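Student: could you look at this predicted model? Sequence included:
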Amino acid sequence: MSGTKLSTEKIMYSFFFAFSIIMIAAAFFVGSVGDMFSGFVRILTSAQALTTDACAVGGLGGSLLNCGLLGLIALALMKFSGAKLGGASIGAFFLTVGFSFFGKNCLNIWPIILGVWLFSRIKKEPFGKYANMSLFACSLSPFISESLFNRNIEYPLALGVVIALFIGILIGVAFPAVTAHAATMHKGHNLFNAGLSAGFLAFLFFAIYKTLVLKPMELESKYALNGILSDGFPVFFPVLLGCIFLASLLAGFILNEKSFKGYIGLLGRTGHNCDFTALDGMGRVLINFGLLGLVCLAYFVIIGAPFTGPTVGSLLCIVCWAGNGSHPRNVLPIIAGYVLVSFLAAWNLNTQAIAVGICFATGLSPISGRWGWHWGVVAGALHSCLVSYTAAIHGGFNVYNGGFTSGLVALMLVPVLETFCKEISVKKAPKAAVKQQ
C-alpha cells in the first residue's frame, strides 16, 4: 500500500508541475517579456477584492505567469512540508491556480500561510498536516492586498506590511478551527467547505473594517466591490484548456492500463466523502479530470461565456474536485438548475457573474449524488438565486464567494432532505486495485 501511495504522489506532483510549467511557458509566447513582467508586478501591487480580473490588471502574459508561479509555490509547499497527498490536494492546488486569475497572487498569500504555520506550531503538529488548509485559507488573501495597497486610505507601505502580517496571521490561526467546524454544519455536502468558513470570517473582518476604520473616516459610502474586467480571450483560453483537459484524459487512459475500465464505477459514486484517488486510483482520476473539464468547457463555449480571468479560473475550480467528489454525472444536474432558472430570471447564462457562479455551484454535487439528479437541479437553482447577492455580505474579500453560497444552500437544503427524503440506491463501486501506479 505504501508503494501505491508513493507512486500516486509522484503522479500528482508530476501533474501539478506540468500544469505550472505549461502556464509559465504560455506566458512567454503571448506577448513581450517586458510586458509580461510589468503586468505581473501590477498584479502583485493591486487590490484584489472581487472582482479583479488579473488579465485586465496585468495582461494575458502577467496573469499566466502569476498562475504558473503560484502553482509551483503550491507544489513546493506540499512537497517540502511532507504533506500526504490525496483528492483534497488536487482541490487545494487547482483552487490556488484558478484564483490566480482573480484574487490570489504570489505576494498576498504569504502572511496567511505564515498564520496557518503558526497554528500548526500552537497545536504542536507538523505543518504538512495543514499544507492544504494553508492554501484554502488564502481565499481571504484580498485582505492582505487591501492592507498593503489600500484603495481608500493612504499610509506608508511599512505600516501596510505590519497590518498585512497582523491580519494574515490572525486569519491563518483562526481559519483551520473555523473550517473544521463548518464541515460539520453541512455534513460534507459542500465540496467548497473552505468557502463557507471563509465567508463567515470575511463577514466578521469586513464588519470590523467598516465599523472601526471606514465609518469613522467617513469612507463607508465610498467603499465598493471591484469591477475590473477584461474583454476576454475567446480563442486562446478554450484552446489552452482544451489541450490540458485532453492531455489529462490521455494520461489517465495510459495509466489505467490503456483503458477506461472502472471509470463507470467512479461515476457511480455519490461524491459524498469520496476520495477518488484512494478509491479509484490516479489513472481514473485523471480521466475524470479531463472528461469533466471538457464537458464544462463545451458548456461554456455553447452558451458563449466570456473567457475572462474569472471564468477561466472558475473552470479550473470545477475540475479541482475531480479527485474528491465531482464527476459529470453529479455535476450536470447542478448546471441544469442554473439553465432552468435562466428562463425566468433577468440575467443570461453567458454573463460573467453567472458563468462564475455555476462553477462553484458544482460544489453541491454530493446532493445530486445522494438524493438524485432532481435534487441536484433544485440545489443549482437555489444557488443561482443567491450567488449574486452574497458578495456584498463580505465586501468581496472572500474570493470563494460561490463556495460560500454553496455552503449556505447546503445548510438549508440538507436538513430538509435528510428529514423527508430517502437516498437513492447507489451500487457500491469496489475499491480499485491500482497496481500500475
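Tutor: Arrived safely, thanks for sending.
Student: packing partners of the longest helix belonging to the chain?
Tutor: Secondary structure of the chain per DSSP state H: the longest helix is helix 157-186. Packing contacts for helix 157-186, counted by 3 or more C-beta pairs under 8 Å, 6 or more residues apart in numbering; DSSP states H and E, involve helix 110-122, helix 131-137, helix 142-148, helix 193-209, helix 401-420. In this view, the C-beta of every residue, glycine as well, is placed from N, C-alpha and C.
Student: next one: the residue lying closest to Glu220 once chain neighbours are set aside, what pLDDT does it get?
Tutor: The shortest distance from Glu220 to any non-neighbouring residue, by C-beta to C-beta, 6 or more residues apart in numbering, is to Leu214 (4.4 Å). Note on Leu214: pLDDT of 93.
Student: what number of residues lie near Leu214?
Tutor: 18 (other C-beta atoms under 10 Å).
Student: how about Ile228, phi and psi?
Tutor: phi -100, psi 110 (degrees, to the nearest 10).
Student: for this structure, which segments count as strands?
Tutor: Remark: strands of the chain are absent; assignment by DSSP state E.
Student: low-confidence regions, it specifically.
Tutor: 1-6, 425-437 (pLDDT under 70).
Student: so who does the residue nearest to Glu220 touch?
Tutor: Asn152, Glu220, Lys222, Tyr223 (C-beta atoms under 8 Å, 6 or more residues apart in numbering).
Student: turn the residues you listed into CSV, including distance to Ser326 and neighbour count.
Tutor: Shown next, in CSV, are the contacts of Leu214 (distance: C-beta to C-beta, whole Å; neighbours: other C-beta atoms under 10 Å):
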residue, distance to Ser326, neighbour count
Asn152, 39, 14
Glu220, 39, 14
Lys222, 40, 10
Tyr223, 35, 17
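Student: taking the residues you listed, tell me the two that lie furthest apart.
Tutor: Asn152 and Glu220 (9.6 Å; C-beta to C-beta).
Student: can you redo the contacts of Leu214 as CSV with distance to Gly115?
Tutor: Putting the contacts of Leu214 into CSV (distance: C-beta to C-beta, whole Å) gives the following:
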residue, distance to Gly115
Asn152, 24
Glu220, 27
Lys222, 29
Tyr223, 25
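Student: so of these, which ones are in helices?
Tutor: Going by DSSP H, the helices hold none of the contacts of Leu214.
Student: tell me the spacing between Tyr209 and Glu146.
Tutor: 8 Å (C-beta to C-beta, to the nearest Å).
Student: more neighbours: which of those two?
Tutor: The neighbour comparison of Tyr209 against Glu146 (other C-beta under 10 Å) goes to Glu146, with 25 against 20.
Student: that one - nearest residue in space that isn't next to it in sequence?
Tutor: Ala47 is the one closest to Glu146 (C-beta to C-beta, 6+ apart), at 5.8 Å.
Student: how about Leu170?
Tutor: Gly115 (6.7 Å).
Student: please apply the same query to Ser20.
Tutor: Gly71 (3.2 Å).
Student: helices of the stretch 201-350 of the chain, start to end?
Tutor: 236-255, 263-267, 276-279, 282-303, 309-319, 328-342 (DSSP state H, counting those that start in this stretch).
Student: which elements pack onto the fifth one?
Tutor: The reference is to helix 309-319. Using 3+ C-beta pairs under 8 Å, 6+ apart: helix 309-319 touches helix 54-81, helix 87-98, helix 236-255, helix 282-303, helix 352-361.
Student: need those helices in TSV (columns: mean neighbour count and distance to Gly396).
Tutor: Shown next, in TSV, are those (neighbours: other C-beta atoms under 10 Å; distance: least, C-beta to C-beta, whole Å):
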stretch	mean neighbour count	distance to Gly396
helix 54-81	23	15
helix 87-98	26	17
helix 236-255	18	23
helix 282-303	22	23
helix 352-361	24	12
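Student: quick one: which of those helices is nearest Gly188?
Tutor: Comparing those by C-beta to C-beta, helix 87-98 comes nearest, at 11.8 Å.
Student: can I get that closest one as CSV, trimmed to CA atoms?
Tutor: Presented in CSV, the C-alpha positions along helix 87-98 are these (Å, rounded to 0.1, in the frame of the first residue of the first chain):
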residue,chain,number,x,y,z
GLY,A,87,-8.0,14.1,-3.5
ALA,A,88,-8.1,17.2,-1.3
SER,A,89,-4.6,18.1,-2.5
ILE,A,90,-5.8,18.3,-6.1
GLY,A,91,-8.5,20.6,-4.8
ALA,A,92,-6.1,22.8,-3.0
PHE,A,93,-3.7,23.1,-6.0
PHE,A,94,-6.3,23.9,-8.6
LEU,A,95,-8.2,26.3,-6.3
THR,A,96,-4.9,28.1,-5.9
VAL,A,97,-4.1,28.3,-9.6
GLY,A,98,-7.7,29.0,-10.5
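Student: packing partners of that helix?
Tutor: helix 2-27, helix 54-81, helix 131-137, helix 276-279, helix 282-303, helix 309-319.
Student: can you add distance to Asn108 and give those back as JSON lines?
Tutor: Shown next, in JSON lines, are the helices and strands packed on helix 87-98 (distance: least, C-beta to C-beta, whole Å):
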{"stretch": "helix 2-27", "distance to Asn108": "18"}
{"stretch": "helix 54-81", "distance to Asn108": "10"}
{"stretch": "helix 131-137", "distance to Asn108": "12"}
{"stretch": "helix 276-279", "distance to Asn108": "29"}
{"stretch": "helix 282-303", "distance to Asn108": "27"}
{"stretch": "helix 309-319", "distance to Asn108": "15"}
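Student: which of the ones you listed sits closest to Val33?
Tutor: When the helices and strands packed on helix 87-98 are compared (using C-beta to C-beta), the closest one is helix 54-81, at 8.1 Å.
Student: off-centre distance for the closest one?
Tutor: For helix 54-81, the separation from the chain centroid amounts to 14 Å (computed by C-alpha atoms, centre = their mean, to the nearest Å).
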